[in-house]
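Chemist: compute the structure for the input listed below.
(chains A and B)
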Amino acid sequence: LAKTTQPISMDSYEGQEVNITCSHNNIATNDYITWYQQFPSQGPRFIIQGYKTKVTNEVASLFIPADRKSSTLSLPRVSLSDTAVYYCLLTGGGNKLTFGTGTQLKVEL
Amino acid sequence: GAVVSQHPSWVICKSGTSVKIECRSLDFQATTMFWYRQFPKQSLMLMATSNEGSKATYEQGVEKDKFLINHASLTLSTLTVTSAHPEDSSFYICSAGGRGPGVDTYEQYFGPGTRLTVT
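Modeler: Numbering: from 1, shown residues only, chains lettered A, B, ... in the order given. I've put the predicted structure just below:
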């Protein structure tokens, strides 16, 4: 069973901020929360990773509440090229990853 | 840094033949490599975990005699699909975790994938 739960799909328009929330009620103490992006016929691409509070990089922000049972990936000002599947995973240092369904984000003009 | 390559990027083979897919870590030592299979519009499904120098650990339901995995060095793992059938047609992706400059031990680095079509 997947360790994470996310919406199956989301729609947005160019220039908007998109927030994708992931639930992980059984997160372990040594688990990090990692988000990947996947385009069709390509391998997943790392977006952002965090353990607690807030992490920001050039492409996204990751918000993690104190209980760490959920996390929110925030994509500012999306464009058409952000149309992809986004996966939320728990990563514990070399352990195998369990992919859930992911969230299909569709960005329109 | 932390680049993983796969070869070939796509392959077409006849039913009953075997196909080998290579996964290489180009600039770091991959102590662990993972092989996934992805069918159209579905998520990645982990097939097996391979550690350098030891036998691979297969997930439940994955035939180890059909999907042969070899992790002979810290930079190379191979997946051989033996006696391939049309139902083996899929997108095969490897990932690697390891050590080296610029490598995060909590991150998996994914290859670009290999599209296998069995006719």
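Chemist: every contact and neighbour count from this point should use C-alpha atoms.
Modeler: OK.
Chemist: which residues of chain B lie near chain A?
Modeler: For chain B, the residues in contact with chain A (CA under 8 Å from any CA of the partner chain) are B:32, B:34, B:42-46, B:49, B:91, B:93, B:97-98, B:105-113, B:115.
Chemist: taking these, please make a PyMOL selection of just the buried ones.
Modeler: Applying 16 or more other CA atoms under 10 Å in any protein chain shown to the residues of chain B next to chain A leaves a buried subset, and the PyMOL line that selects it is:
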select buried, chain B and resi 32+34+43+44+45+46+49+91+93+97+98+106+107+108+109+110+111+112+113+115
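Chemist: quick one, strands of chain B?
Modeler: For chain B, the strands defined by DSSP state E cover B:4-7, B:10-13, B:19-25, B:29-38, B:45-51, B:57-58, B:67-73, B:76-81, B:90-99, B:109-110, B:114-118.
Chemist: contacting residues around the fourth one?
Modeler: Under the contact criterion CA atoms under 8 Å, 6 or more residues apart in numbering or on different chains, strand B:29-38 has outside partners A:94, A:96, B:44-52, B:71, B:74-77, B:79, B:90-100.
Chemist: list only buried entries from the residues you listed.
Modeler: Here, 16+ other CA under 10 Å leaves A:94, A:96, B:44-52, B:71, B:74-77, B:79, B:90-99 buried among the contacts of strand B:29-38.
Chemist: and the helix or strand harbouring A:Ile48 with chain B, contact?
Modeler: Using DSSP states H and E, A:Ile48 maps to strand A:45-50. Yes - Strand A:45-50 lies within reach of chain B by CA under 8 Å from any CA, at A:45-46.
Chemist: neighbouring strands of the very next helix or strand once past that strand in the sheet, and parallel or not?
Modeler: Counting by DSSP H and E, the next helix or strand C-terminal to strand A:45-50 is strand A:53-56. Counting by DSSP bridges, the strands paired with strand A:53-56 are strand A:61-64 (antiparallel).
Chemist: only the C-alpha atoms, please, for the strand it pairs with, written as CSV.
Modeler: C-alpha atoms of strand A:61-64 as CSV (Å, rounded to 0.1, in the frame of the first residue of the first chain):
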residue,chain,number,x,y,z
SER,A,61,8.1,25.6,-1.8
LEU,A,62,7.3,22.8,0.5
PHE,A,63,5.2,23.4,3.6
ILE,A,64,5.2,20.8,6.4
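Chemist: how far does it sit from the chain's center?
Modeler: On the basis of CA atoms, centre = their mean, to the nearest Å, strand A:61-64 sits 9 Å off its chain's mean C-alpha point.
Chemist: can you name the next helix or strand after it?
Modeler: Next element after strand A:61-64 (DSSP H and E): strand A:70-75.
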